[in-house]
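Participant: got a sequence here, can you model it:
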Amino acid sequence: MYYLSLASILLLTPNILSTSAQCVTPNPTPAANTDFNDNIFFFPAADAVEWKTLYARSLQLPDESLLMTWENYAAEPPLVNHPIYKSTDGGATYSNFSAVKDQVNGWGMRFQPFLYTLPQAFGGYAAGDLLAAGVSAPESLTGGVYIELYASTDSAETWNFVSHIAYGAGPEIITSGDEAIWEPFLMMYNNELVCYFSDQRDPAHSQKLVHVTTTGLKTWSSTIEDVSYYTYDDRPGMTTVAYIESTDQYIMTYEYCGSANCTVHYKMSSNPLLFNSTTGIALVGNDTAGTVPYGSPYIIWTPNPSNTNGSGVLIASSGSTEQVFINGDGADPTEWKVVDVGQWSAYSRSLRIITVEGNKKLLFGNGGNMGNPDCNSVANGVIDIPY
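Facilitator: Model prediction:
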């Protein structure tokens with residue numbers, strides 16, 4: 001979401017806090033290549049600052065090994081970076097593998113990392129090469145901010161700077177009027193790489209959602225709006241997008257802060273560059289309680305494991321509930337089924353379909369349980385795909 005103090009989070013967005021508000025006892029290390037939940041594999045340093053860790057993001061390599069990164073609030077110096085940890089046993093254990101480090105600004109890689117595998121040769125890189133986007137900002141949060149792009153041609157062992165995706169004058173805080181940018185999300189579409197992000201630079205909006213595109217990774221287009229609201233203080237944030245293969249449609253999720261109190265919303269479009277022309281829909285569970293998810297959503301689509309007719313399932317997560325929300329390919333607003341999955345809720349808990357010994361599974365990435373920043377370790381879980 002945004003960089004701010006714990007007191008500010010509690011005051012502004014009480015509904016998006018995780019249900020895991022106390023320190024937890026680590027589970028025993030799971031056996032290799034098994035299903036498990038709430039597996040803490042990284043504890044922040046004792047002198048880590050602010051949130052300790054937040055915003056875990058994952059990737060899987062062709063050999064089935066897993067990568068995980070997150071916001072890591074280590075005390076400085078040296079400059080903060082986005083650590084890359086690797087698992088070769090289905091997520092049961094991880095080891096420190098590499099890091100995406102600021103190579104151009106002298107600020108550090110500070111916020112909201114995102115990992116992406118190129119599905120095709122593009123911009124001088126081969127299909128299968130890796131990209132990492134993230135926010136580089138000074139420790140003071142003043143003097144400017146970039147969303148940066150880095151690339152790896154050796155399966156994440158080393159990373160090199162590619163380009164500045166976007167620039168804001170800062171400060172990198174959520175105060176309306178400050179030119180901050182946040183939360184990159186990468187996706188290929190129609191031979192272009194798209195970067196969605198949250199944008200405070202427009203004086204007409206406290207924040208809006210936008211995207212930029214590139215045809216060669218070095219230069220990027222001007223911004224195009226995806227979500228904005230007439231009320232100045234309304235703040236859509238935290239874009240994620242999934243492609244629904246069975247219908248050739250795209251779905252975007254985002255939190256709608258301000259007048260909608262950070263409830264999760266979504267949009268559907270046949271063209272992921274034209275979300276601004278579609279209407280946002282509130283995501284509400286169809287259980288008897290009408291469960292409403294708040295804050296930091298994440299959405300994925302996967303083929304339905306229960307059939308072979310090509311249909312799939314949408315899986316949505318939020319920061320406020322341990323449950324996930326399941327729907328069919330059409331994302332019918334009345335059909336969001338609430339499913340218990342046994343995994344702690346977390347700030348921007350990420351989702352990914354992975355392969356474990358040939359079997360498709362759902363991987364959770366947890367960075368920051370939010371209730372107590374002293375407990376904000378990094379955890380993951382691997383379960384059967386819910387449907």
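Participant: ok, which stretches of the stretch 151-300 of the chain are strands?
Facilitator: If DSSP state E, counting those that start in this stretch is used as the criterion, the strands of the stretch 151-300 of the chain fall at 160-168, 181-189, 192-199, 208-214, 224-227, 235-244, 249-257, 263-269, 281-282, 298-303.
Participant: the fourth one packs against which elements?
Facilitator: With contacts defined as 3 or more Cβ pairs under 8 Å, 6 or more residues apart in numbering; DSSP states H and E, the secondary structure elements packing on strand 208-214 are strand 160-168, strand 192-199, strand 224-227, strand 235-244. For the C-beta atoms, the positions are set from N, CA and C on the backbone; glycine is no exception.
Participant: in a markdown table: those strands, plus mean neighbour count, mean pLDDT and distance to Asn380.
Facilitator: Converted to a markdown table, the helices and strands packed on strand 208-214 look like this (neighbours: other Cβ atoms under 10 Å; pLDDT from 0 to 100; distance: least, Cβ to Cβ, whole Å):
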| stretch | mean neighbour count | mean pLDDT | distance to Asn380 |
| --- | --- | --- | --- |
| strand 160-168 | 17 | 98 | 27 |
| strand 192-199 | 24 | 98 | 24 |
| strand 224-227 | 20 | 98 | 29 |
| strand 235-244 | 24 | 98 | 18 |
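Participant: so for Lys52, which of these sits nearest?
Facilitator: strand 235-244 (19.8 Å; Cβ to Cβ).
Participant: can you state the direction angle for that closest one and strand 181-189?
Facilitator: 20 degrees (axes from the mean of the first three to the mean of the last three Cα atoms, to 10 degrees).
Participant: for strand 235-244, packing partners?
Facilitator: Using 3+ Cβ pairs under 8 Å, 6+ apart, strand 235-244 sits against strand 181-189, strand 192-199, strand 208-214, strand 224-227, strand 249-257, strand 298-303, strand 312-317.
Participant: roughly how far out does the second one sit from the chain middle?
Facilitator: If I follow you right, that is strand 192-199. 13 Å (Cα atoms, centre = their mean, to the nearest Å).
Participant: which neighbouring elements make contact with that strand?
Facilitator: strand 145-152, strand 160-168, strand 181-189, strand 208-214, strand 235-244.
Participant: could those strands be laid out in a markdown table, adding distance to Asn81?
Facilitator: As requested, the helices and strands packed on strand 192-199 are exported to a markdown table (distance: least, Cβ to Cβ, whole Å):
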| stretch | distance to Asn81 |
| --- | --- |
| strand 145-152 | 11 |
| strand 160-168 | 13 |
| strand 181-189 | 16 |
| strand 208-214 | 24 |
| strand 235-244 | 22 |
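Participant: relative to Val24, which of these is closest?
Facilitator: strand 235-244 (24.4 Å).
Participant: how far does the closest one sit from its chain's centre?
Facilitator: With Cα atoms, centre = their mean, you get 9 Å for strand 235-244.
Participant: show me where the protein has its helices.
Facilitator: Applying DSSP state H to the chain gives helices spanning 6-12.
Participant: contact partners for Tyr167?
Facilitator: Gly144, Val145, Tyr146, Ile181 (Cβ atoms under 8 Å, 6 or more residues apart in numbering).
Participant: beta partners for it?
Facilitator: When bridges are called by DSSP bridges, Tyr167 pairs up with Tyr146.
Participant: looking at the chain, which helix or strand is least sure?
Facilitator: helix 6-12 (a mean of 35; mean pLDDT, DSSP states H and E).
Participant: tell me where the model's unsure across the stretch 1-150 of the chain.
Facilitator: 1-22 (pLDDT under 70).
Participant: hmm, 50 instead?
Facilitator: Applying pLDDT under 50 to the stretch 1-150 of the chain flags the ranges 1-21.
Participant: what about the strands in it?
Facilitator: 36-42, 53-60, 66-72, 82-87, 95-100, 109-117, 130-136, 145-152.
Participant: export the ones you listed as a markdown table, with columns for distance to Ala166 and mean neighbour count.
Facilitator: Output for these, formatted as a markdown table (distance: least, Cβ to Cβ, whole Å; neighbours: other Cβ atoms under 10 Å):
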| stretch | distance to Ala166 | mean neighbour count |
| --- | --- | --- |
| strand 36-42 | 29 | 19 |
| strand 53-60 | 18 | 25 |
| strand 66-72 | 18 | 27 |
| strand 82-87 | 17 | 24 |
| strand 95-100 | 17 | 16 |
| strand 109-117 | 12 | 24 |
| strand 130-136 | 10 | 26 |
| strand 145-152 | 5 | 24 |
